[in-house]
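>>> predicted structure and sequence below. I'll ask about it afterward.
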Amino acid sequence: MTNLTAQQALAPLRQQIDNIDSQLVALLAERAKVTAQVGKIKQQFALPVYVPEREQALLSARREQAQVLGVSADLTEDVLRRIMRESYQTQESGFVCCREGGGKVVVVGGAGALGARFVSLFQRSGYEVAVLEPQDWPQAEALCANAALVLMAVPITLTERLINQLPVLPAGCVLADITSIKQLPISAMLAKHSGPVVGLHPMFGPDITNLVKQVVVVCHGRDENRYQWLLKQLNVWGAELAVKQAAEHDSAMQLIQAMRHFSSLVYGVHLADENADLDELLQLSSPIYRLELAMVGRLFAQNAELYADIMLSSCEVTTLLERYQQRFTALLQLLKAKDKAGLMAQFGKGQQFFGDLAGQFLQESKQLLQKAADSRS
């Protein structure tokens, strides 16, 4: 069969595929119109953008349908998850205001990257929003007058000082912060303000497109019932709230943030000092190494001062990293001694610790690795 004959045989099939794909695009446009209407109704009744039970029920039903029709259930779920991620954005044209009568929100540091995200969210929810930046402190008292919420969105190193610099706030005003540490800011806010106080930690950066499925840690301070409107507002925006004690939060963040950032920093600096050829590493890398390299490289696209502050946020981080260094050295000694049994014993310790989650993470990572392979150019 000649190449021309093959092309002639493929042509009508390719035309069918083009027609089907065109129908898919039209269906996507039709679906987007419906989800936009869903978003309006959700906002009308102050319902959250993201409802996990509804999403899971939809995915389960379509997986069953796919199996009946002889289509890959995993493929169906992948496609639907991507469609749903897009649909959450179509539901975000505007948000309901969860505080009766609205009110003024003052964002201290609202011109910063993350602060600006919250400024936009509050504005789109119908609040009157004021931004307090360094040049505005002479007018701080006027800006904070009649405020329903004062939100501290400033660097870690400035948080306590600027909390203490605030004017006297209205008795019912909620004082909150979005710093990545919680014990010290909450203590400072409780000492400064006699009204409701809450510590928040958004577990995301300013580059997110929306808050759907994003975690916000909540550390209660004082008068929890008086800031329920704020927590509901976060839910309406799509965030998932995780309530923690401030001490528990700070301890977990040493492992989740400070240690991981430091490890990535060391690895990135090591690659630089080794004069590694990044293009070659990417060319030869498997999807999993490409992802690991991407996560390290992502660090160096961020604000250096911010990440230095996170790593320096607690003296306990140093002792944690010293213990990590000791374990690194111990395993290195096993490697030097070519102690295969010793290395396998350490591997076994990790297997026992992760337990069933290891299998779950294996499945989750397969999906990530497939996406990484798909995006490779």
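Arrived safely, thanks for sending. Everything numeric here is computed off the predicted structure, so don't read it as measured data. Numbers count the residues shown, from 1 in each chain.
>>> so who does the residue most central in space within the chain touch?
Centroid-nearest residue in the chain, with C-alpha atoms, centre = their mean: Phe204, separated by 3.3 Å. With contacts defined as C-beta atoms under 8 Å, 6 or more residues apart in numbering, the neighbours of Phe204 are 211, 214-215. (Glycine included, C-beta is placed from N, CA and C.)
>>> looking at this, Asn275 is in a helix?
No: going by DSSP: H, G, I helix; E, B strand; the rest coil, the assignment for Asn275 is coil, not a helix.
>>> just say helix, strand or coil for Lys366.
When classified by three-state DSSP, Lys366 comes out as helix.
>>> give me phi/psi at Val131?
Dihedral angles of Val131 (phi, psi; degrees, to the nearest 10) stand at phi -110, psi 130.
>>> checking the closest residue to Trp229 other than its chain neighbours next. Helix, strand or coil?
With C-beta to C-beta, 6 or more residues apart in numbering as the criterion, Trp229 has its nearest non-adjacent residue at 4.2 Å, and that residue is Arg99. With three-state DSSP as the basis, Arg99 sits in coil.
>>> neighbours of Asn303, just the number please.
13 (other C-beta atoms under 10 Å).
>>> leaving out sequence neighbours, find the closest residue to it.
Asn303 sits nearest to Ala113 (C-beta to C-beta, 6+ apart), 7.9 Å away.
>>> pLDDT wise, what is the one you found at?
Note for Ala113: predicted pLDDT of 92.
>>> can you tell me how far it sits from Leu299?
Using C-beta to C-beta, to the nearest Å, we find Ala113 at a distance of 16 Å from Leu299.
>>> could you do Leu284 as well?
Taking C-beta to C-beta, one finds Leu284 at 22 Å from Leu299.
>>> and for Leu332?
24 Å.
>>> next one: Val51
In terms of C-beta to C-beta, Val51 sits 33 Å off from Leu299.
>>> go through stretch 172-185 and flag the buried ones.
Buried residues in stretch 172-185, counted by 16 or more other C-beta atoms under 10 Å: 173-185.
>>> if you could redo that for stretch 221-241, that was the one I meant.
For stretch 221-241, the neighbour count (16+ other C-beta under 10 Å) marks 221-222, 226-227, 229-240 as buried.
>>> including neighbour count, could the contacts of Phe204 go into a markdown table?
Compiled in a markdown table, the contacts of Phe204 are given as follows (neighbours: other C-beta atoms under 10 Å):
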| residue | neighbour count |
| --- | --- |
| Leu211 | 25 |
| Gln214 | 17 |
| Val215 | 14 |
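>>> compile these into TSV and extend it with columns for secondary structure and distance to Val131.
TSV is the format used below for the contacts of Phe204 (DSSP: H, G, I helix; E, B strand; the rest coil; distance: C-beta to C-beta, whole Å):
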residue	secondary structure	distance to Val131
Leu211	coil	20
Gln214	coil	22
Val215	strand	25
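>>> lowest-confidence entry in those?
Among those, Leu211 carries the weakest pLDDT, at 91.
>>> if you count what's nearby, which of Leu332 and Leu299 comes out ahead?
Leu299 (16 against 10).
>>> so the more buried one touches His261, yeah?
Yes: if you go by C-beta atoms under 8 Å, Leu299 and His261 touch, sitting 6.5 Å apart.
>>> need the overlap of contacts for the two.
What both Leu299 and His261 touch, as defined by C-beta under 8 Å, 6+ apart, is the set Tyr307.
>>> which elements pack onto the helix or strand harbouring Leu234?
In this assignment (DSSP states H and E), Leu234 forms part of helix 228-236. When contacts are defined as 3 or more C-beta pairs under 8 Å, 6 or more residues apart in numbering; DSSP states H and E, helix 228-236 sits against strand 240-243.
>>> sheet partners, orientation included, of the strand it packs on?
Paired with strand 240-243 in the same sheet, following DSSP bridges, are strand 215-222 (parallel).
>>> residues contacting the strand it pairs with, please?
The contact list for strand 215-222 (C-beta under 8 Å, 6+ apart) reads 182, 186, 189-190, 195-204, 231, 234, 239-246, 249.
>>> quick one on the thing from earlier: how far away is the residue nearest to Asn303 from Gln367?
Distance, Ala113 to Gln367, using C-beta to C-beta: 29 Å.
>>> can you give me the neighbour number for Arg290?
Arg290, neighbours per other C-beta under 10 Å, totals 18.
>>> before we move on, back to that, mind checking what secondary structure the residue nearest to the centre of the chain has?
Recorded secondary structure, Phe204: coil (three-state DSSP).
>>> start at 785, not 1
Taking 785 as the first residue, the last one we looked at is Phe988.
>>> helices of the stretch 785-934 of the chain, start to end?
Taking DSSP state H, counting those that start in this stretch as the test, the helices found in the stretch 785-934 of the chain are 787-828, 836-853, 857-874, 897-908, 924-928.
>>> which one of these lies nearest to Cys1099?
Ranking those by proximity to Cys1099 (C-beta to C-beta) places helix 897-908 first, at 25.1 Å.
>>> please tell me how far Asn1019 sits from Ala937.
Remark: distance between Asn1019 and Ala937 (C-beta to C-beta) = 20 Å.
>>> residue ranges with poor pLDDT in this structure?
Applying pLDDT under 70 to the chain flags the ranges 785, 874-877, 1159-1161.
>>> nearest residue to Lys984 other than its sequence neighbours?
Just so we're on the same page, residue 984 is Leu rather than Lys. Distance criterion C-beta to C-beta, 6+ apart; nearest residue to Leu984, sequence neighbours excluded, is Ile962 at 5.1 Å.
>>> same check, this time on Gly983
Distances taken as C-beta to C-beta, 6+ apart place Cys1003 nearest to Gly983, at 3.8 Å, with adjacent residues excluded.
>>> tell me how many other residues surround that neighbour.
Burial of Cys1003 is recorded as 24 neighbouring residues (other C-beta under 10 Å).
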